[in-house]
Every structure is written in C-alpha cells, then in structure tokens.
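Chemist: Prediction below, plus the sequence it came from.
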Amino acid sequence: MGNIPTTVKHCLSYEQLIQDYPWLGSRLQEEKEMVPTRVKIQLINMLSETGLPVIEATSFVSSKWVPQMADHTEVLQAIHRSSHARYPVLTPNMHGFQDAVAAGATEVAVFGSASETFSRKNINCSIDDSMLRFEEVICTAKQQQIPVRGYVSCALGCPYEGPIEPTKVAEVVKRLYELGCYEVSLGDTIGVGTPGSMAKMLRYVMKEVPSSALAVHCHDTYGQALANILTALQMGICAVDSSVAGLGGCPYAQGASGNVSTEDVLYMLHGMGIKTGVDLSKVIEAGDFICKALNRKTNSKVAQARSKSS
Amino acid sequence: RVKIVEVGPRDGLQNEKTLVPTEVKIHLIDMLSEAGLPVIEATSFVSPKWVPQMADQVEVMKGINRRPGVSYPVLTPNLKGFQAAVKAGAAEVAIFGAASELFSKKNINCSVDESLQRFEEVTKAAKEAGVRVRGYVSCVLGCPYEGQVSPDKVAQVTKRLYSMGCYEISLGDTIGVGTPGGMTEMLEAVSREVPVDALAVHCHDTYGQALANILIALQMGISVVDSSVAGLGGCPYAQGASGNVATEDVVYMLHGLGIQTGVDLPKLMDAGAFICSSLNRKTSSKVAQAACKL
C-alpha cells in the first residue's frame, strides 16, 4: 500500500475537532427506553466538562416522529453551555428551525442523503425536495448568523440500494456546501465501508469540496470504523463524529452496533500524537454515567479495558 | 495479497474459560481449512501441567484432515516440546519470545536471553529435521508489567529470532494498547533489522485499535496478519476484556481494500458460529454480529 501519506502529520499541528453526537438522527432514538430529561441534561453537562468542542444536544424533529426528542426545548434551555463548546441541534425544516432558534439554538444541522430510496424512506421526500427544504433553513440561518452543518447519510452504502456511487455522494455534498453549510459530515450509515471504499469516496468528494469543510461519521457495525477514520485522517480530514460509549445501535440491523465510541477514537488519536483538547478519562466517566442510567453495557473497548484491568 | 494466520484453535482456545472437547477442536480446524485459511495454528506442545487446554495436543494433530497447501504450525517452547511435536506429525513449529524482560520472567520463568538460548536448540533441531520455525515476539507495543517497551528492544529480539532461522516473526501487541502511532515507530525500528516480508503482525483488540493498527502495518509493507476466528481468546491481563482481533473483521477489511486472502468469508463465519455455540458464548466479531442480525 505504500508509505503513509504525510497528511496525518499535518493534523498533528491542528486542533483536531471531535464532534460528539449522542442524539444524532437515530442515535439515542435507538435506545429503546425513553431517557429522562434530567439524565440527558446531566450527560451533556458532563460532556461539556471533557473539552469536547461540539456536542449535538437534541433534535427539533417533530415529536410525532421522534418521541425521544420531545423534550428538546427543555434540554436546550437547561444545559450549562461551556464557552469552549458549541451545541448544534437537528432541524429538518423551517418549522423545526424556528422552534430551535426560539429555544436558544446557536447552531443547527440538516440531514441529507446520497441515496434516493433512503431519503424517501427516512424523511419522506426525494433528495431534490429535501435540498429545497434545507435551502430555506440555510438562507434563514444565514440571515440570523447561525452556522449550519450538513450531513450526508449512506455515503458508503445504503440499506436499500446497496453500494452508492461516489459521484452521487460528491454531488449531494457539493450542494449542501454551496447552499451554505460550513461543514458536511459524511456518514457511513450502515457501517459497511472499508478503508478502500472510504478512500475512493473521499477522492471524489474532495474534488468538489475542500477537506477543511468535511467530516466523517463512521459506524462500527462491521468493526471498520477506526480503520476508516484513520484513512480519512490520512487524506486530510480533521473532523470526526463519534458517540460516547458508542451509544446508538444500528436501526437497520437490530442488535448490531452503530456509532463508533468517542473513547476509542480519542485513544487512537492521542496515541498518534494528535491534539484533541479532550480529557479521555472524563469521557469515560460520562460514558459510565449514561450506561448506568440506560442499564446497558458500554460499546467502548477502551472503557471495557479500563474497567477490567487491575 | 495478504496471508492470514489463524490462531483461534490455539491462542484463542487457550485463553477461553471453557475447556473444549477434542472432537470440537478437530471439527473447528477442519472447518477453518475448508474456509481457505492458508495457516492454522493447531495446538501447543507446552506441558499440559501449564496449559491443560492443550493437553490433547497429539490427538488433535492426528485427528485433523490436513488440507493440501495449508500449514498447521504448533507451539513448541523447548526441545522436548519440539520432539513431541515432530513425533505427532508436526511439519511446522512456533517459538514464543518477548520484548520485555519482566514479561518473559513471569510468563516462561526465564530471561529473554535464556529463552532465546532454548529456542536456538529448537531451531537447530528443526533445521536438521527440515521443519519450518515461526517466531513470535510478545509485548511489542507495551507490557502489562513494564509499561512502555522500546522499539529497539523489539528490533533486537526479532533480529535474533530471524538470525537463528525463523522464516517469519509475528509481532504481538499482547495487551492491545498499541495505536497507529506506536505501530509505525515499532515497525520502522524492526524493519531496519529484518526484511519486511519476514514480518507479521498479531494485534489484540483490547482497546479497539486492532484494525487500525493492521491497516498501518499493511501500508508499511507487512503482508501477514494473525487473527482468531470469532475473536476467540480474551485478554489474560484484563479479566473480561477482549483479546484477539476477529478473523472475520480482518477479512472484511482486506476484501474491501481489494486485497486477496483466499478466504471464503461465509464459510469462515460458519466456523465462528460453530465454535461459539460449542463454547456457549457470543462472537466477538462485529461482522458476524451484523450478518446474523440483518
């Protein structure tokens, strides 16, 4: 495979952004029990103490669709916002955006897809129609000086369509970027990607959008997440999404794992000498807290190892 | 192309709590042979006093269906073990050194130098008998007792094993603490002393770093990877934590990279499902978990 590209070394001198998205899309929604509001608030507060620069707090999707996020306003208003962190919230449309701003949101996120079928099944409209909705949100957000982050799901494969053409991913990412998203996160929604498909997809996407405006959101359903993240770092990506304790299973494979654990990502980055500004032991504590509250085991191998070694 | 060395039947089963009946081990090895694995570590000729799980070593060697072109190495800690192994039909053996003095003392009751002297007896006898010898170096990225291990020390031990006649040396991250950073540094030091095509990596997944570490090793020219079906074999130094990386997950990554392994992933998963049901445990392979849930 040749020598390690030098881009990893470039990351050593930059502040590595680790985005923590405990609630993203189907994240905490995948946790079967309804989580009490005060537990969510405490989790976010603990995460704020760790040094994480971005913590996705909640979602302003209609509580009819996502009952887990019905307490969005309460959560957003109750958390202690650290001056070092940002707290984006999901806003699928103008209605959600307006509610989010009324509740005090200072950053929002919109969620597109590289797969037509996934778009129709997940948000009930075509990719084109979803872009029209997002355009509304992004334009309004721009006027109010609220940054918008974009997500593209199914970047490495779709549960309905199978493999997705990198050119299609690049197209959707470019549209979100040109509409005004400051950053677009590329999601391997079902975790089927490998370093091979990750590298190929990124090559196409980076022809259209600068790497500084890209992030990766890898799922660990097939155990490939860290290897995929490493590949992305080597290609110049400096923003990585992850979830404390690996919260959030895979909604398309009942019982299989989903998000990659923030603890495991941090362990790798720190081992490579990459600065993140995040305190790993505090993240492990936050992970312990939420796992106890949810009465479930952590998905983080680092957390498991630390709690088992003498 | 990458060669996968399947260590499940030995390294894996040795570190599982449940004792496995001989016929189950034999069936597992046969299924792994059918799955296309080119090297399958079959058993260990360490004294059953120390490793009771491998007491049926001779029976296993004689019971397996050896597939043509597939190698079935066995562990031999000393000359006595080597002689017993050859008598039982072994055509390839493995010796196990360490890059950490404390680990060597605690694990095999002697210093690194003393262990290398013992191994020299084995490699001499093996040369005369026309038997290939594979070397292992443990603690290459960290030691449960000493903590950090110097890459130069790893390079030294690897070089000695190579010079005494090991055709390949597998570098083991015994407690899985390594990351791509440490792996790079260690491999740079070792590959200055030993040609890269005589090296393999044996990564543990205790901290979830195994696949990332393997990827780095591949990028640095390593083309032999050890793994264990279903991720059998926990970490003996952190009770309950995971150990070996799962062969299924490694193969998934390699195939996704367009790298040939000769392994049939569905058949491999069948072997994993078989041994997990025999051990009454869940698989540690994420690929296996995902595949059975979809």
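Modeler: Nice, I can see it.

Chemist: Most proximal residue of the stretch 101-250 of chain B with respect to chain A?
Modeler: Nearest residue of the stretch 101-250 of chain B to chain A: B:T179, at 2.6 Å (Cβ to the nearest Cβ). C-beta: built from backbone N, CA, C; applies to glycine.

Chemist: Please determine how far the closest residue to that residue other than its chain neighbours is located from B:N213.
Modeler: Excluding the flanking residues, the one nearest B:T179 by Cβ to Cβ, 6 or more residues apart in numbering or on different chains is A:G271, at 2.6 Å. According to Cβ to Cβ, to the nearest Å, A:G271 stands 10 Å off from B:N213.

Chemist: So those two - more neighbours on which side?
Modeler: B:N213 (32 against 20; other Cβ atoms under 10 Å in any protein chain shown).

Chemist: Average pLDDT for the lengthiest helix in chain B, rounded please.
Modeler: Using DSSP state H, we find that the single longest helix of chain B is helix B:112-129. Computed over helix B:112-129, the mean pLDDT rounds to 95.

Chemist: Would you mind listing the buried residues in it?
Modeler: Within helix B:112-129, the residues that count as buried by 16 or more other Cβ atoms under 10 Å in any protein chain shown are B:V112, B:S115, B:L116, B:R118, B:F119, B:E120, B:V122, B:T123, B:A125, B:A126.

Chemist: show me the contacts for the first one.
Modeler: In this case it means B:V112. Taking Cβ atoms under 8 Å, 6 or more residues apart in numbering or on different chains as the contact definition, B:V112 lies against B:G97, B:A98, B:A99, B:S100, B:E101, B:S104, B:V157.

Chemist: Distance check, it against B:G142.
Modeler: 16 Å.

Chemist: need the helices for the stretch 1-150 of chain B, in chain order.
Modeler: B:13-14, B:22-34, B:57-63, B:79-87, B:101-108, B:112-129 (DSSP state H, counting those that start in this stretch).

Chemist: now the stretch 1-150 of chain A
Modeler: Going by DSSP H, counting those that start in this stretch, the stretch 1-150 of chain A shows helices at A:7-12, A:27-30, A:37-48, A:72-78, A:94-102, A:116-123, A:127-143.

Chemist: those strands in chain A, which residues are they?
Modeler: With DSSP state E, the ranges of strands along chain A come out as A:17-20, A:54-55, A:58-59, A:89-90, A:108-113, A:148-153, A:183-188, A:214-218, A:239-242.

Chemist: Could I get the ones you listed in TSV, plus columns for mean pLDDT and distance to A:L280?
Modeler: Listed next are the strands of chain A as TSV, based on pLDDT from 0 to 100; distance: least, Cβ to Cβ, whole Å:
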stretch	mean pLDDT	distance to A:L280
strand A:17-20	40	11
strand A:54-55	90	16
strand A:58-59	87	25
strand A:89-90	91	26
strand A:108-113	94	25
strand A:148-153	95	24
strand A:183-188	95	22
strand A:214-218	94	19
strand A:239-242	91	12
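
Chemist: so which of those strands is the most packed in?
Modeler: strand A:58-59 (a mean of 29; mean count of other Cβ atoms under 10 Å in any protein chain shown).

Chemist: and that one, which strands flank it?
Modeler: Its sheet considered, strand A:58-59 pairs with strand A:89-90 (parallel) by DSSP bridges.

Chemist: still on that earlier bit, burial check on the residue of the stretch 101-250 of chain B closest to chain A, number of neighbours?
Modeler: 24.

Chemist: How about B:D270?
Modeler: 17.

Chemist: wait, isn't it in contact with B:M31?
Modeler: Yes: under the criterion of Cβ atoms under 8 Å, B:D270 makes contact with B:M31 at 6.5 Å.

Chemist: rewinding a little: joint contacts of A:G271 and B:N213?
Modeler: Going by Cβ under 8 Å, 6+ apart, residues that sit against A:G271 and also against B:N213 are B:G178, B:T179, B:P180.

Chemist: Could you tell me which of these are located in helices?
Modeler: Using DSSP H, these in helices are B:P180.

Chemist: Contact partners for A:D220?
Modeler: Taking Cβ under 8 Å, 6+ apart as the test, what A:D220 contacts is A:G191, A:L226, A:G246, A:S257, A:G258, A:N259, A:V260, A:S261, A:N299, B:K286.

Chemist: And the residues you listed, which is closest to B:V86?
Modeler: B:K286 (39.0 Å; Cβ to Cβ).

Chemist: ok, how many other residues are close to the nearest residue to that closest one once chain neighbours are set aside?
Modeler: Once flanking residues are discounted, B:K286 sits nearest to A:G223: 3.4 Å by Cβ to Cβ, 6+ apart. Using other Cβ under 10 Å, A:G223 has 29 other residues around it.

Chemist: Is it correct that A:G223 is in contact with B:D249?
Modeler: Yes: contact criterion Cβ under 8 Å: A:G223 and B:D249 qualify, at 4.0 Å.

Chemist: joint contacts of the two?
Modeler: With contacts defined as Cβ under 8 Å, 6+ apart, the residues adjacent to both A:G223 and B:D249 are B:L211, B:S285, B:K286, B:V287.

Chemist: among the residues you listed, which ones are buried?
Modeler: Buried among these by 16+ other Cβ under 10 Å: B:L211, B:S285, B:K286, B:V287.

Chemist: and of the strands of chain A, who's closest to B:G12?
Modeler: That would be strand A:214-218 among the strands of chain A, by Cβ to Cβ, at 27.3 Å.

Chemist: ok, now which ones touch A:C139?
Modeler: Counted by Cβ under 8 Å, 6+ apart, A:C139 has contacts A:G180.

Chemist: Tell me how far it lies from A:Q145.
Modeler: From A:C139 to A:Q145 the distance is 12 Å (Cβ to Cβ).

Chemist: what are the phi and psi angles of whichever residue of the stretch 51-200 of chain A sits closest to chain B?
Modeler: Nearest residue of the stretch 51-200 of chain A to chain B: A:T194, at 2.6 Å (Cβ to the nearest Cβ). A:T194 adopts backbone torsions of phi -130, psi 170, taken as degrees, to the nearest 10.

Chemist: need the residues of the stretch 51-200 of chain B near chain A, please.
Modeler: B:G176, B:G178, B:T179, B:P180, B:G181, B:G182, B:T184 (Cβ under 8 Å from any Cβ of the partner chain).
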